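[1] kindly return the folded structure for what I paste below:
(one chain, ligands or ions: 2)
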Amino acid sequence: MPSRALCRSCCVLLALLAGATLATAQTASPTAKPRWYKGNTHTHTLNSDGDSTPDDVVRWYREHGYQFLVLTDHNFLTSVDGLNALHGADEKFLVVKGEEVTSPLGEKALHVNGLDVSRKVDQATGASVLEILQRNVDAIRGAGGVPHINHPNFRWSITGDELRQVRNNKLFEIYNGHPQVNNLGGGGVPGLEEVWDAILSSGVLLYGVAVDDAHTFKQPGNANVAGPGRGWVAVRAPRLEPRALLEAIERGEYYASNGVELDDLQVSPQRVHVAVKPVAWSKYRVQFVGKGGRVLSESTEPIATYVPKGDEGYVRARVLESNGRMAWIQPIVVASRGSGAEALAMTLAAAALLALLVQRRSRERS
Ligand SMILES: [Zn+2]
Ligand SMILES: [Zn+2]
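    Ligands and ions are numbered 1, 2, ... in the order given. As a prediction, the model looks like this:
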């Protein structure tokens, strides 16, 4: 998977010339004024194993404060034109088509969401987890869609090492609201936060999404079924349109949540700033995490800022709420200072540039 870090030599040169030491994982903001949109990228209907019609499912999200919803039935692409005609509203609500490309491998369940695919994607077969995941990711990209790899610990199907090796995939589920997906790991298998930090520490940039994976709309309040409203993303995008949303998500311009809302979020090479929208009586910890899952700093206030020093590898933030709810802010890559040889080469280049400028200036004077 391509890293978003700038080329190291370029970084070192830039750092020398501008006094900066950081490179960013996230590209410049879109030109239009971005807004926040709340959405869920993983939902089922009667078209696979959900218990409600697409109309009822979309209605639930429309009536519960979401701005977008992706319908992702197993190996089925539900048309969203009629749903958008009925429930869609400019800048207020949007249904995005999608599919959960679902491949079994023995007892394992290898599921990859294809967001905004242009056509139904046939599920791949293969001899290994990695082979099947890669084929499904490639097929989703081939259909113009954006992949995200789902619930790695469901039936203990996908290891961190396998997840790390998938190419052309930028997203995975850091949280899935289905009650049987083992988000936290167990029995010696790491939880998804630990998996994420191991992957990020290896130099592969992956963003975490939180989703409902909702199947059951007819048993509200039953925690033992996969109900709606548990995991979502808040995306900062220039407009409520499938491509604008998905491009923002693939740039990491969003946060994932299972119950914490943010008032403000600024992620730049200069600082990572998080402001929680506090709920009465809840208390918060904001943690900034770097390479190896190391907690770089922790704030017990709901507003916190971290200024990268340059040796963190990456910086991501998480918000821990006093009743167990969380928000996950996407990582930003922090480029290390160049190696001794690179630094020397760049110092020499800078010195040569300086000498050239001095030479030109003295010529102008004479
Ligand atoms: Zn699934
Ligand atoms: Zn699902």
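[2] residue ranges with poor pLDDT in the stretch 251-366 of the chain?
    Along the stretch 251-366 of the chain, segments meeting pLDDT under 70 span 337-366.
[3] for it, which segments are assigned as strands?
    Using DSSP state E, counting those that start in this stretch, the strands of the stretch 251-366 of the chain run over residues 254-257, 262-267, 272-276, 284-290, 294-299, 303-306, 314-321, 326-333.
[4] also the stretch 101-250 of the chain?
    Under DSSP E, counting those that start in this stretch, the stretch 101-250 of the chain gives strands at 108-115, 146-149, 171-176, 207-211, 232-237.
[5] and those strands: which comes nearest ligand 2?
    strand 108-115 (6.2 Å; Cβ to the ion). (Each C-beta comes from the backbone N, C-alpha and C, glycine too.)
[6] sorry, back to before: kindly reformat the strands of the stretch 101-250 of the chain as TSV containing mean pLDDT.
    As requested, the strands of the stretch 101-250 of the chain are exported to TSV (pLDDT from 0 to 100):
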stretch	mean pLDDT
strand 108-115	98
strand 146-149	98
strand 171-176	98
strand 207-211	98
strand 232-237	98
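[7] all helices of the stretch 51-200 of the chain, in order?
    Remark: helices assigned in the stretch 51-200 of the chain by DSSP state H, counting those that start in this stretch are 54-62, 81-87, 129-142, 160-165, 192-201.
[8] tell me how many other residues crowd G126.
    By other Cβ atoms under 10 Å, 15 other residues sit near G126.
[9] please name the bridge partners of the residue in the stretch 101-250 of the chain positioned nearest to ligand 1.
    For the stretch 101-250 of the chain and ligand 1, the shortest gap (Cβ to the ion) falls at H111, measuring 3.5 Å. Beta-bridge pairing of H111, defined through DSSP bridges, involves T102.
[10] residues contacting it?
    Shown in contact with H111 (Cβ atoms under 8 Å, 6 or more residues apart in numbering): H74, E100, V101, T102, S103, I149, N150, H151, F154.
[11] among the residues you listed, who's most crowded?
    Within those, most neighbours by other Cβ under 10 Å means V101, with 30 neighbours.
[12] got the contact list for G144?
    D116, V117, S118.
[13] closest to R294 out of those?
    Of all those, D116 has the smallest distance to R294: 36.1 Å, by Cβ to Cβ.
[14] any idea how far the closest residue to the closest one other than its chain neighbours is from Y254?
    Spatial nearest neighbour of D116, excluding adjacent residues (Cβ to Cβ, 6 or more residues apart in numbering): P242 at 4.6 Å. Between P242 and Y254 the distance is 15 Å, computed by Cβ to Cβ, to the nearest Å.
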